[in-house]
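*Asks:* Sequence first, then the predicted structure, then my questions.
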Amino acid sequence: MRVILAEDSVLLREGLVRLLEEAGTEVVAAVADGPSLVRAVREHRPDVAVVDVRMPPTHTDEGLRAAVEARQAVPGTAVLVLSQYVEVAYADELLADGAGGVGYLLKDRVADVDSFLTALEDVVGGGTVLDPQVVAQLFARRRADDPVRRLTTREREVLGLIAEGHSNTAIARTLVVTPGAVEKHTQHIFAKLGLTQDEDQHRRVMATLAYLRG
Amino acid sequence: MTTETLVLPDAAAPVAPATPLPRARGWFRQLGVDTGYVLVSFPVAIAAFVVVVTGLTVGVGLLIVWVGVAVLAATLLAARAFALIERAWLPSVLRRPLPQPAYLQPEGRWVRKLLTPLRDPQTWLDALHAVLRFPVAIFSFAVTVTFWSIALGGLTYGAWDWALPDPSTNPNNEDLLEVVGLESTPGRRILLYTVIGLVFAVLLPLVVRGLALLQGQLGRVLLTSRAATQAELGRLTEGRNAAVAAEAVALRRLERDIHDGPQQQLVRLNMDLARAQRQLERDPAAARTALGEAAGLARETLEDLRALSRGIAPPVLADRGLAAALAAIAARSPVAVDLAVDLPAERLVPVTENTAYFVVSEALANVAKHSDARTCRVEVRCSDGRLHVVVEDDGTGGAVLAPGHGLAGLTDRLLAVDGALTVDSPRGGPTRLSAELPCG
């Protein structure tokens, strides 16, 4: 897997490069600002760009905008955005183009190296990975008459994991149940919310998110 | 020489402690001003009275057909013009600057614009002034003209007594002396009238001053006291806005500092620990190195957190007060600091302590960064309820109060507590920064 890393803090950049290399990926470039990221993506055409949201020169959402631009320049580039805080609005912008292969995680998640690497692979494979905090924020703004409130606790758990971008198999592993049980839960959920079941992992996530954002 | 003083805005200046106009103009000049004022006021007052009373009655009478509204608006605008003339006179009569009221600005559609003068309380006060000053102006004018006439006529009587018909030869013509039963001779007449003229001449400045003040005070109360309230409100709003702005900037900087500092270090620490965990079985030596680095990082993070909390509210300032905190920053400064502190024994209020502390700390940071100074003098003393802070160096100068610069941030901090910052920093040096704030 060929990775480009964009992170302005030297401390974190070096830490990430070491971690990624020890995990067996190839870091083809490590840059420190938005424009360099876009250039590097055009030049190296990596499998995935791991991008920090806040970077010079503006130190606001530079990384996010650069990531969107890089995906327009080289369609099909997977992007995993890392940030010290998560905002639903940022997730919306990332998902706006409707194509898969995007992820948005808190930087803290990197420390759980195995799931970080899994997320990276999911994104490269065209999936969508969202931080549990983003999903929690989506759940937090549900209205009182919302059908989501009619879901059982276990069903809401499963819905959250779907929104985070997990496959049924992964959900079964997380919840320590059989894939068949997860399949049954998802059917119930989709029926209750009036969503159509979709075999495509990414479209399933998008439908769920579209519903939650609604 | 670049001297920049940032004080409260102009609008607020007139309500600052009374700053009298130069007083050494002498009674003679003041008599001229007062007389001119009273004499000019007379025709102006008549014109204003006629216009305003006519306009108001016609306007009110026509209210039922909408023309009345336009007539009222026009009348009030005329009253405003007369008020403008009066306000121009007032400072020289009352011998102090007066605030100008802010009228409502016409905005919106033309109907709304037309109604603006009617909605503005100050224009109604202007109209009231036009009515009330009318009798005052007539009275003042009559008395002033009488006093001037008697004084001038009496004092010069000796020069034109010969031109008058002799009253002793005409039984129908009695002069003052004959009225009280004395014989009227030219010498007696000249003596009496000159004495009377003298008495009136001596009283003249006092009487005219009194009349001018009477009329001037009426104008001040009706035409400018509302502006004084407005200015005071404006000043308070300004201070509050500055406080809010300073607070917002400080919070944003704090967020950035935490984000760029401890937060990133902890994320990296987390990463390194995760790496070490994975290496533990395969490569214990590498794991040991990683753990060593992690421990170092943890120490650095702690150090940064300490520096950050010192930036928010230095512990020594909270615990020991301003004098001790100043001694601490003076000791930390790379440039030698000569510190002179003269403060009351009891603690100052926290906001004063904080502000003074940040002024000195920001100033010393600037001295260390930009001035190339060798020594620096810091003086902090409390007198007349004001805290005076002076930071002076022997460096190269050229400090400016540009927006976004640290010094501009200090200006906001000071404005928030009703203080002021002055920076005097000619190119080539030295730089003298002085701040003044209330110490309660």
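*Replies:* Done, it's in.
*Asks:* Okay, helices next: where are they in the stretch 151-300 of chain B?
*Replies:* Applying DSSP state H, counting those that start in this stretch to the stretch 151-300 of chain B gives helices spanning B:157-160, B:176-179, B:186-219, B:225-258, B:264-282, B:284-312.
*Asks:* For chain A, find the nearest of these.
*Replies:* Evaluated over the helices of the stretch 151-300 of chain B, closeness to chain A peaks at helix B:264-282, with 3.8 Å, by C-beta to the nearest C-beta. Just so you know, the C-beta spots here come from the backbone N, C-alpha and C atoms, and that holds for glycine as well.
*Asks:* Identify the residues contacting the residue of chain A found nearest chain B.
*Replies:* Minimum separation of chain A from chain B (C-beta to the nearest C-beta) falls at residue A:111, amounting to 3.8 Å. Residue A:111 sits next to B:267, B:270-271, B:273-274 when contact means C-beta atoms under 8 Å, 6 or more residues apart in numbering or on different chains.
*Asks:* again, only this time at 10 Å
*Replies:* A:19, B:266-275, B:277 (C-beta atoms under 10 Å, 6 or more residues apart in numbering or on different chains).
*Asks:* can you list the domains in chain A?
*Replies:* With domains defined by automatic domain parsing, chain A comprises A:2-131, A:142-213.
*Asks:* Quick check: which of these is buried the most?
*Replies:* domain A:2-131 (a mean of 19; mean count of other C-beta atoms under 10 Å in any protein chain shown).
*Asks:* mind checking the end-to-end distance for that one?
*Replies:* 23 Å (C-alpha to C-alpha, to the nearest Å).
*Asks:* Need the mean per-residue confidence for it.
*Replies:* The pLDDT scores in domain A:2-131 average 90.
*Asks:* roughly how far apart are the closest residue in space to residue B:370 that isn't next to it in sequence and chain A?
*Replies:* On the basis of C-beta to C-beta, 6 or more residues apart in numbering or on different chains, the spatially nearest residue to residue B:370 that is not a chain neighbour turns out to be residue B:399, at 7.0 Å. In this view, residue B:399 and chain A are 26 Å apart by C-beta to the nearest C-beta, to the nearest Å.
*Asks:* just to revisit the earlier point, need the helices of the stretch 151-300 of chain B in CSV (columns: mean pLDDT and distance to chain A).
*Replies:* Shown next, in CSV, are these (pLDDT from 0 to 100; distance: least, C-beta to the nearest C-beta, whole Å):
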stretch, mean pLDDT, distance to chain A
helix B:157-160, 88, 88
helix B:176-179, 80, 93
helix B:186-219, 92, 55
helix B:225-258, 80, 7
helix B:264-282, 88, 4
helix B:284-312, 86, 8
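*Asks:* mind putting those in JSON lines, mean neighbour count included?
*Replies:* As requested, the helices of the stretch 151-300 of chain B are arranged in JSON lines below (neighbours: other C-beta atoms under 10 Å in any protein chain shown):
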{"stretch": "helix B:157-160", "mean neighbour count": "13"}
{"stretch": "helix B:176-179", "mean neighbour count": "14"}
{"stretch": "helix B:186-219", "mean neighbour count": "17"}
{"stretch": "helix B:225-258", "mean neighbour count": "15"}
{"stretch": "helix B:264-282", "mean neighbour count": "19"}
{"stretch": "helix B:284-312", "mean neighbour count": "14"}
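*Asks:* Residue B:429 looks like it's in a helix, true?
*Replies:* No: assessed with DSSP: H, G, I helix; E, B strand; the rest coil, residue B:429 is coil; it does not lie in a helix.
*Asks:* longest helix of chain A?
*Replies:* Ordering each helix of chain A by length in residues (DSSP state H) puts helix A:179-193 first.
*Asks:* in the strand or helix carrying residue B:115, what's buried?
*Replies:* Using DSSP states H and E, residue B:115 sits in helix B:110-119. For helix B:110-119, a neighbour-count test (16 or more other C-beta atoms under 10 Å in any protein chain shown) marks B:114-117 as buried.
*Asks:* I'd like to know which of these is nearest to residue A:119.
*Replies:* Closest approach between the buried residues of helix B:110-119 and residue A:119, by C-beta to C-beta: residue B:116, at 63.0 Å.
*Asks:* Leaving out chain neighbours, which residue sits closest to that closest one?
*Replies:* Closest residue to residue B:116 apart from its sequence neighbours, by C-beta to C-beta, 6+ apart: residue B:106 at 4.3 Å.
*Asks:* Doesn't the one you found belong to a strand?
*Replies:* No: going by three-state DSSP, the assignment for residue B:106 is coil, not a strand.
*Asks:* I'd assumed residue B:118 was in contact with it.
*Replies:* No: if you go by C-beta atoms under 10 Å, residue B:106 and residue B:118 don't touch, sitting 11.2 Å apart.
*Asks:* Not counting residues beside it along the chain, what's closest to the residue of chain A closest to chain B?
*Replies:* residue B:270 (3.8 Å).
*Asks:* show me the contacts for that neighbour.
*Replies:* Shown in contact with residue B:270 (C-beta under 10 Å, 6+ apart): A:15, A:107-112, B:294.
*Asks:* so which pair among these is furthest apart in space?
*Replies:* Pairwise across these, and taking C-beta to C-beta, the largest span is found between A:109 and B:294, at 18.3 Å.
*Asks:* Export stretch B:39-47 to CSV, keeping only CA atoms.
*Replies:* Extracted in CSV, the C-alpha atoms of stretch B:39-47 (Å, rounded to 0.1, in the frame of the first residue of the first chain):
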residue,chain,number,x,y,z
LEU,B,39,-27.1,90.2,21.4
VAL,B,40,-27.0,87.6,18.6
SER,B,41,-29.3,85.3,20.6
PHE,B,42,-32.1,87.9,20.5
PRO,B,43,-32.9,87.8,16.8
VAL,B,44,-32.0,84.1,16.5
ALA,B,45,-34.4,83.3,19.4
ILE,B,46,-37.2,85.4,17.8
ALA,B,47,-36.7,83.6,14.5
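*Asks:* what's that stretch in contact with?
*Replies:* Residues contacting stretch B:39-47 (C-beta under 10 Å, 6+ apart): B:48, B:78, B:82, B:85-86, B:89, B:93, B:129-138, B:140-142, B:144-145, B:148, B:208, B:211-212, B:215-216, B:219.
*Asks:* Can you tell me which of those are buried?
*Replies:* Neighbour counting by 16+ other C-beta under 10 Å classes B:48, B:78, B:82, B:86, B:89, B:93, B:129-130, B:132-134, B:136-137, B:140-141, B:144, B:148, B:208, B:211-212, B:215-216, B:219 among these as buried.
*Asks:* Report the central residue of chain A.
*Replies:* Nearest to the geometric centre of chain A sits residue A:103, at 2.1 Å (C-alpha atoms, centre = their mean).
*Asks:* Name the helix or strand for that one, please.
*Replies:* strand A:102-106.
*Asks:* Following element in sequence after that strand, please.
*Replies:* Past strand A:102-106, the next helix or strand by DSSP H and E is helix A:113-124.
*Asks:* Can you name every helix or strand that that next one contacts?
*Replies:* With contacts taken as 3 or more C-beta pairs under 10 Å, 6 or more residues apart in numbering or on different chains; DSSP states H and E, helix A:113-124 sits against strand A:2-6, helix A:10-22, strand A:48-52, strand A:78-83, strand A:102-106, strand A:128-130, helix A:168-175, helix B:264-282.
*Asks:* one step back: quick check, the residue nearest to residue B:370 in contact with residue B:410.
*Replies:* No: look at residue B:399 against residue B:410 with C-beta under 10 Å: they stay out of range, at 11.3 Å.
*Asks:* overlap in contacts of those two?
*Replies:* With C-beta under 10 Å, 6+ apart, residue B:399 and residue B:410 have common neighbours B:363, B:366, B:423, B:433.
*Asks:* tell me the phi and psi of the third one?
*Replies:* Read it as residue B:423. Torsion angles at residue B:423 (phi, psi; degrees, to the nearest 10) stand at phi -120, psi 120.
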